[in-house]
Structure formats: structure tokens, C-alpha cells
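Colleague: my questions concern the predicted model and sequence given below.
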Amino acid sequence: MVSTTFETSVLSLTPRQRILAMVALMSGVVLATLDTTISNTALPQIARELQSSEASIIWIANAYQIAMIAGLLPLASLGESIGYRRVYLFGLVVFVIASLVCGASSSLGWVIVGRVAQGVGAAAIMSVNTAFIRHIYPSAQLGRGLSLNALVVAVGFTLGPPLASGILSLANWHWLFLLNVPVGLIALPLAFRFLPDVCGTRNSLDAITGSLCAAFLGLLAFSFCTLANGMEKSVAICAAAVCALSLSLLLKNQARHPAPMLPVDLLKMPIIGLSSVTSVCAFATQALALVALPFFLQAVIGISVVNTGLLLSTWPLVVAAMALLVRPLSDRWSAGGLCSTGLLILCVGMMALASASSDTSIASIAFRLVLCGAGFGLYQAPNMKAIMSSAPVHRSGGASGIVAISRLMGQAAGAALVAQCFRISSQHGPELALWLGSGSAMVGLVFSALRLRTPARQLA
């Protein structure tokens, strides 16, 4: 097994070794992204079988997301300390065991416990996957590796709902989780055999710092979820207060650390900071659209449930196709230019969707979704490359954590904003959310364009 320390930027891998390493890496990534959406389709069925309310059953989805957000940065820091490969293997093992727990559960409590554990496993996988790519691919080909990662993530999100529908037509909801077990058992030996042993700073992990970081991010996500699900405002306020206290203690504790777990050292770099904010805005736009569109298409446009599902698959399918088209571009053109162009297209597509009416044809709706998918796909891989290539090599784990946490925080914020739009106006909530999404894309465009005047620090 090839090994490297932080002094080496890229491993000396043959093309065959690089392909096998990416197969091993992406097998875990597709599991983590697939489980973000695959259970959502079955939530009504799970609620009926477990005799649970809609308000409580939604925590099956929330538990996974909160656990992922809370665990990402501590696990990314752990990867820099003990090696990315160990953290990745840990994540796969936890994910497989947690999937067994979910699949074998007969009560809501145990399903939620399993989903929390799944979220921790997924966080371990996603916290180090782009750090691995930074070491697997030479800098001249980094865009190709990140485009492949974007493709797999898009495919994972795309396959979730149709795969769930197929499984539910043949078996019960337990198999949505049990399906992960054989796939994970295949992925484990692949990862053990072909993933290189790399790490970053080798600084030891501070348990207190890790707890504070997890509390800050987890409670921040929990606050979003409580607002989105209409829980008592006092719960959200208390969570936000403890979240702020955790952040204050964390910043104080990490003030002089050479590789802080909350990577403020990286976020202070203009390219990384701007790219992170751009990512939050872009993923908030995506969440605003994909959560609001089912209501908009069915209630406003009058499209059937079946056609709604088919139409919504257009967005991630185009994102997946764009990942292939963007591969050569992201290694030749600046992230600021590509991302700004993509976000402009996304903004136009969102405004076109928000302007649709009952007279708008399905073909026209599909074209507007294609615009959104094309814009989002043009933005995604170059933005990841901007973050990863601007960080010092020994801080690849921290940069990988930024990539993942920016995506998840944007998604959580977008979903919470949709809920608020529905509270403002139950009748016009979907349209308001779509217009808000176009505004979020425009804000992201502004931050992305600022990178055009900021020289990139290529520290690789």
C-alpha cells in the first residue's frame, strides 16, 4: 500500500491504481448520497406501519442529516490525524451496521437511532472523499477527479426516489436500508485493498474540541430542522443559544491551533471563503427548488404525481451529464468564471420556473429544469476544485470538510426557508420559495464573481 505524508501532494499511482482507488472511494460515496433521499419516499408507509405521526416520522430524515453535519468536521480532522483511509473504513463499517439496525427495527426509536449512526458513518465517508481525490489525481487533472465525484453524488441523489419506488413495489420499507448491507460488504474489501494510506497534519485529535465542534454544527442543523418542522420556537431558541456558546468556546479553544478543526485558517483565504459561501448559496437554491417544486407543479401547474416525479429527475440527470462535460473545462478555466456563468444560468432557470403558470406546458417546464440542472452542474465541480486546490496539501482534510459542510448547510437552510415560505403564505408559498431560490443563486453569483479579482493561492 502506497503511503505519503503531508510533504507530498500527489501519490505516484499508475492509471490502473488511480481507477481502482476511485472505484473504491465512489462506492462509499454513492451509498452516503443515496441514503439522503431513498427513505423519503417511504416515510408515509413507515409512519403507518410504526403507527407514528407525520411530525415524528420526519425525524428519520432529519436524524441522518443532523448527524452528518455534526460529524463532518471532527471526522475530517481525525482523518488528518490518523489517516483518511482509516476514517473512511470506519465510516463504511458503521454505515453497514447502522443499515442493519434500521432494516431490522420495528419501532420508530430504533429506526432513528440507526439513522443517527448511518449519518455518522456517512459523515466519515464524505469528510475525507475529496481529500483522497486531492492526493489521487495530479493537480493538472484534479478537475476530472472532482467532476467524477460530482457525477457520482448526482447519480446517488437521482437514483434515490426511483430506486425506493422499485423496492417498495416488491418488498417492504425495511429493504430500503438492508440493500446497503451487500453493497457495503463489497465496498469494504475494495476500500481496504485499493485506497492509499494518506493523512495530513498528523496533529492529535482533541476530544473536547471535537465535542464543541459537533455541538455547534449539530445544534445549528437542529435549529434549522425545528423551524422547518414547525416545532416550538423556544426549542429552536434554546438550541441556537447553546450553539452560539459552543461556537464561542470552540473559537477560543482553537485560537492558536496550527490546524483548527473548525477550519477558520482556510476560510480566511479569500478563494476558499468565497467558494464556501458560494456553495452554501447554490445548494440552498437547489434545496429551495427541489422541496418546493412538487407542491408547485401539482398545485399551480396541475401536473400529476407521476409526471412530477419524472420531471424532477430532469434536474439531477442534467447535473450528472454536466459533470462529464465540465471535466476538461474545470482544469483549463478559472472557477470564478465557470461558477459565475453556471449560477447565472441557474438564476435564470429559477426565475423561469417561478414565472410558470397553469398554461405552461410540460415541455416548457422540462426545459426550465434543464436550465437549472445545467447551471448547477457547471458550477459544482469547479467550485470544489477552487476549495481543494487553494488549501495546503496537509490541510486537505479540512478543505474536504468545508466542501461537505457547505453543501449540507446550504441544503438544510434551503429546506428551512421553504417551510417558512409556506407559513408566510400557504397558497403562494411554492412560488415564493422559487423566487427566493433565484435570489439565493444571485447572491452566490456575486460571491463567485468576487473570485475573478482574487488571485488564487495554489499551495499544492
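Modeller: That came through fine.
Colleague: contacts, neighbours, all on C-alpha from now
Modeller: Noted.
Colleague: would you mark the buried spots in stretch 415-431?
Modeller: Residues of stretch 415-431 classed as buried by neighbour count (16 or more other C-alpha atoms under 10 Å): Ala415, Ala416, Leu417, Val418, Ala419, Gln420, Cys421, Phe422, Gly429, Pro430, Glu431.
Colleague: phi, psi for the fourth one please.
Modeller: Main-chain dihedrals, Val418, degrees, to the nearest 10: phi -60, psi -40.
Colleague: which pLDDT value belongs to it?
Modeller: Per-residue confidence for Val418 comes out at a pLDDT of 81.
Colleague: also the last one?
Modeller: The confidence metric pLDDT takes the value 89 at Glu431.
Colleague: which ones are touching the closest residue in space to it that isn't next to it in sequence?
Modeller: With C-alpha to C-alpha, 6 or more residues apart in numbering as the measure, Ala354 is the residue that lies nearest to Glu431, at 5.4 Å, once sequence neighbours are left out. The neighbourhood of Ala354, defined by C-alpha atoms under 8 Å, 6 or more residues apart in numbering, consists of Glu431, Leu432, Leu434, Trp435.
Colleague: residues contacting whichever helix or strand the third one is part of, please?
Modeller: Leu434 belongs to helix 429-450 when assigned by DSSP states H and E. With contact meaning C-alpha under 8 Å, 6+ apart, helix 429-450 is reached by 274-275, 277-282, 284-286, 288-289, 292-293, 295-296, 336-337, 339-340, 343-344, 346-348, 350-351, 353-354, 417-418, 421-423.
Colleague: again with stretch 246-265
Modeller: Outside of stretch 246-265, the residues within contact range by C-alpha under 8 Å, 6+ apart are 73-74, 77, 201, 203, 209-210, 212-213, 215-216, 395, 398-399, 402.
Colleague: domain parsing of this structure, as residue ranges.
Modeller: Following automatic domain parsing, one gets these domains for the chain: 1-203, 262-460.
Colleague: would you turn those into CSV with distance to Cys243?
Modeller: Shown next, in CSV, are the domains of the chain (distance: least, C-alpha to C-alpha, whole Å):
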stretch, distance to Cys243
domain 1-203, 11
domain 262-460, 14
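Colleague: looking at those domains, spot the one closest to Thr226.
Modeller: Comparing these against Thr226 with C-alpha to C-alpha, the closest turns out to be domain 262-460 (8.5 Å).
Colleague: how far does the closest one sit from the chain's center?
Modeller: Domain 262-460 has its average C-alpha position 11 Å from the chain's average C-alpha position, going by C-alpha atoms, centre = their mean, to the nearest Å.
Colleague: out of the contacts of helix 429-450, which end up buried?
Modeller: A residue is treated as buried here by neighbour count (16+ other C-alpha under 10 Å); on that basis the buried members of these are 274-275, 277-282, 284-286, 288-289, 292-293, 295-296, 336-337, 339-340, 343-344, 346-348, 350-351, 353-354, 417-418, 421-422.
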